[in-house]
Structures are given as structure tokens and as C-alpha cells.
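# below: sequence and its predicted model.
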Amino acid sequence: MTQLEQLRAAMDGAGVDALWVSDPANVRAVSGFSSGKDGKVLVTRDGAVLYTDGRYTVQAQEESRIEQHIARPPETYQDAAERVRGGRVGFEAEHLTVAGLDALHEHWEAELVPTRGLVEGVRLIKTPQEVEAIREAQALADRVFAQVRPIIRAGVRELDVALELEMGLRRAGAEVGFDVIVASGPRGAMPHGVASERVIEDGDLVTIDFGARVRGYHSDMTRTVAVGRPSDEMRRVYEAVLEAEEAAVAAVKPGVRAADLDALARGILERHGLAEAFAHSLGHGVGLNIHEGPGLRGTSEDVLEPGMVITVEPGAYLPGVGGVRIEDLVLVTEGGHEVLSHTPKEPLPE
């Protein structure tokens, strides 16, 4: 079953005859058009149309797998109106603006129905082509990290490390997937501590979280490295987080509940007295968005299936002291899992 066929099956389950797709990543997923923020897609029972404007005529012809209609509103809505007249049309409630919904009401003679997660549900399972793009992005990120690792030393600003990572990704032909996190010393207690002016000091642990984007698909990896000899307390935290991360990765296979993976890692950190220091979920899916389904958190109802690409990233954060996060990118396979991130997890110096 193709992804479009899967989407139509999801539409049937939601009781809609058509779906108006406005989320940029979902536009790209359905059509292949890489400028999704400047496009919309209408999926009906017997067709699918990409709507974008004249700036993208050639690009849409080259990229889109579906019919294209080049126009601006209100002509966009007028063309679609004939295709949806008298039907039940789903719209993406978590993305479409109030103004956008008003425009649909104005131009369409159809019942508009809020939907959630229809395209996202299809995107949970990656195609072989999607997996290959993610694999390529991660391999590139691994190479860039290896090139930059020698400059992560005392006397270097966090910003300089981030800049070298970003330049390395771009030189290699990738985009920077998201804001690079470089959090050293006490700033390591900030899970999303993007690079700052702080100068790395001897004895610091430095948490680096970054990713590449290749053909629209992301990689995601975190390593915490030592500059000099860390304190005994931070060494203890590092070893605990590493134990939790490796145990959770080892447990990844089809049929495992995402919530159970979170509980496994959380339980290990709790035994080390770090339950309160683990301030976020265990991980998330990765694809066209850096954060997408499935969600690896305690309240998740997701169950792992072959073709899912997830992160496993426990962390422990001690305000005023420092923090540790270790993250791998993992493909769920028929027989278990494959770790896509190959950068070594460095042992701490004695």
C-alpha cells in the first residue's frame, strides 16, 4: 500500500471525503514538494493536487509526485471548491489558522471537519527512501563531529564549536538540522542550552546536540565529552546516563511500548538517585521534522514498528553544577534495531 493509499484509509477512518493539508512537512510528505510552507495539498478519494504559486512553477513540476495547480488565493480555493462540493473535508486542526479556515468557509460548499494526525500517522513508518536519507544525514553528521572533536578543548567558546559544526555540515552538502546545542560546565544543566559566549574550561563536561538535514530528512545525535578530568559527581552522573541509554537502546524492537522504554531508562536513573534530574521524555521520532512521532514518554500509547526512526536520549541535569545527555538515532527493524549514529561514546579520563 502506498503512502497515499494509507492516507486515504486514514481519511475513511476519520469519516472525511477529502483532506486539506496545510502543515509544511505534511505537504512535502504527500507531494514531494520541498517548499511546503508555500503550498497546500488537497487529497480526495480519486486524486491529489498540489497548490502553489508562480514562483514555484518549475520546482513543482520537478518535485511533485501529484498534479499541480499554479495559482494564488482566491483562485486556489475556487479550483478546489469544485473538487470538494457537497463533501466532508478534513482540515489540519493543529496547523490551519483561523483566517485560513474562514477562507475555506467562504469559498467552499462543503462540511469542514477538524482532523488530527492523519498524515503524521502515515509518516510514522519510513519508506526505504526516507530511511536512506536519514541514514545519509547521520553518517554525514558523524563525519563532521569527528572533524570538529579536536577543537573541543579549554579556552574555546561554545559558539566557536557550534560554528565549526555548522560549517562542516554545509561544506559536506547538508543543511543544519536545528540550532546547535553546545552546553559546557554549569550550562550543561540546560537541556536545550544553545551555544553561548561561554569559554570551555578544564574539567568541564560539554554536551553537544546537533543534526544534519539531507533531502529534507533529519539526523539527531547527542554526545557529552570531557575536557580534562571531570568531578567525581559528574563522572557518576555520566556513567548513570550511559547505563540508562545503552539499556534503552538494547530494548528497542517491534512490539515494545514507547512508554516502557521511557520507564526502563527512568528506572535506571532513579536507582542512581537521579529521577528528578531526568527532566524530559526519553526520545521522539525523526524524519521531515526533527521532533515527530512516535513519542517516547511515559504517557505515550505508541508501539514500536519496523520502519520507525527514533531517538533514545536520557539525560540528567543538576542546576548550578552541570548535566549529561547521550543520544543515539535508532531504526526499528524487523529483527530488532539498528543504531544509525556511530560516533563513539567516549570514556571519561581518569
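Ah, there it is.
# what's the longest helix in this protein?
Ranked by number of residues, the top helix in the chain under DSSP state H is helix 128-148.
# for that helix, output the C-alpha coordinates as PDB.
C-alpha atoms of helix 128-148 as PDB (Å, rounded to 0.1, in the frame of the first residue of the first chain):
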ATOM      1  CA  PRO A 128      13.200   2.800   2.300                       C
ATOM      2  CA  GLN A 129      14.000   6.000   0.500                       C
ATOM      3  CA  GLU A 130      13.300   8.000   3.700                       C
ATOM      4  CA  VAL A 131      15.400   5.700   5.800                       C
ATOM      5  CA  GLU A 132      18.300   6.200   3.300                       C
ATOM      6  CA  ALA A 133      18.100  10.000   3.500                       C
ATOM      7  CA  ILE A 134      18.100   9.800   7.300                       C
ATOM      8  CA  ARG A 135      21.000   7.300   7.300                       C
ATOM      9  CA  GLU A 136      23.000   9.600   4.900                       C
ATOM     10  CA  ALA A 137      22.300  12.600   7.200                       C
ATOM     11  CA  GLN A 138      23.500  10.800  10.200                       C
ATOM     12  CA  ALA A 139      26.600   9.400   8.500                       C
ATOM     13  CA  LEU A 140      27.500  12.900   7.400                       C
ATOM     14  CA  ALA A 141      26.900  14.300  11.000                       C
ATOM     15  CA  ASP A 142      29.200  11.600  12.400                       C
ATOM     16  CA  ARG A 143      32.000  12.600  10.000                       C
ATOM     17  CA  VAL A 144      31.600  16.300  10.800                       C
ATOM     18  CA  PHE A 145      31.700  15.600  14.600                       C
ATOM     19  CA  ALA A 146      34.900  13.600  14.200                       C
ATOM     20  CA  GLN A 147      36.500  16.600  12.300                       C
ATOM     21  CA  VAL A 148      35.400  19.100  15.000                       C
END
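# and the residue most central in space within the chain, how far from residue 200?
Nearest residue to the geometric centre of the chain (CA atoms, centre = their mean): residue 290, 1.9 Å. To residue 200, residue 290 is 25 Å away according to CB to CB, to the nearest Å. To be clear about C-beta, it is placed using only N, CA and C from the backbone, and glycine gets the same treatment.
# ok so, going back, who does the longest helix of the chain touch, helix- and strand-wise?
Helices and strands touching helix 128-148, by 3 or more CB pairs under 8 Å, 6 or more residues apart in numbering; DSSP states H and E, are helix 158-171, strand 205-210, strand 212-214, strand 217-218, strand 221-226, strand 328-333.
# redo these as TSV? Include mean pLDDT.
Listed next are those as TSV, based on pLDDT from 0 to 100:
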stretch	mean pLDDT
helix 158-171	98
strand 205-210	98
strand 212-214	98
strand 217-218	98
strand 221-226	98
strand 328-333	99
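# so for residue 128, which of those sits nearest?
strand 328-333 (11.0 Å; CB to CB).
# quick one: contacts of the longest helix of the chain?
126, 161, 164-165, 168-169, 172-174, 177, 208, 210-219, 221, 223, 286-287, 307, 309, 329, 331, 340-343 (CB atoms under 8 Å, 6 or more residues apart in numbering).
# returning to that earlier point: select, out of the helices and strands packed on helix 128-148, the one closest to residue 181.
Across the helices and strands packed on helix 128-148, the minimum distance to residue 181, taken as CB to CB, is reached by strand 205-210, at 3.8 Å.
# show the contacting residues for residue 31.
Listed by CB under 8 Å, 6+ apart, the contact partners of residue 31 are 39, 41, 48, 50, 63, 64, 65, 66.
# closest to residue 18 out of the residues you listed?
When the contacts of residue 31 are compared for distance to residue 18 (CB to CB), residue 48 wins out at 9.6 Å.
# and the residue nearest to that closest one when sequence neighbours are not counted, how far is that from residue 339?
In space, residue 48 comes closest to residue 66 once its chain neighbours are excluded; the distance is 4.2 Å by CB to CB, 6 or more residues apart in numbering. Distance, residue 66 to residue 339, using CB to CB: 35 Å.
# what's the span of stretch 99-118 from first residue to last?
22 Å (CA to CA, to the nearest Å).
# which of the residues in that stretch are buried?
100, 101, 103, 104, 107, 108, 110, 112, 113, 115, 118 (16 or more other CB atoms under 10 Å).
# again with stretch 120-130
Buried residues in stretch 120-130, counted by 16+ other CB under 10 Å: 120, 122, 123, 124, 125, 126, 130.
# shouldn't residue 55 be in contact with residue 71?
No - look at residue 55 against residue 71 with CB atoms under 8 Å: they stay out of range, at 11.9 Å.
# hmm, which of the contacts of residue 31 are the buried ones?
Among the contacts of residue 31, those classed as buried by 16+ other CB under 10 Å are 39, 41, 48, 50, 63, 64, 66.
# state the distance from the closest residue to residue 334 other than its chain neighbours to residue 63.
Nearest residue to residue 334, sequence neighbours excluded (CB to CB, 6+ apart): residue 306, at 4.9 Å. As for residue 306, its distance to residue 63 is 28 Å (criterion: CB to CB).
# residue 147 now?
Computed as CB to CB, the residue 147 to residue 63 distance reads 31 Å.
# before we move on, what about residue 286?
Counting by CB to CB, the gap from residue 286 to residue 63 is 22 Å.
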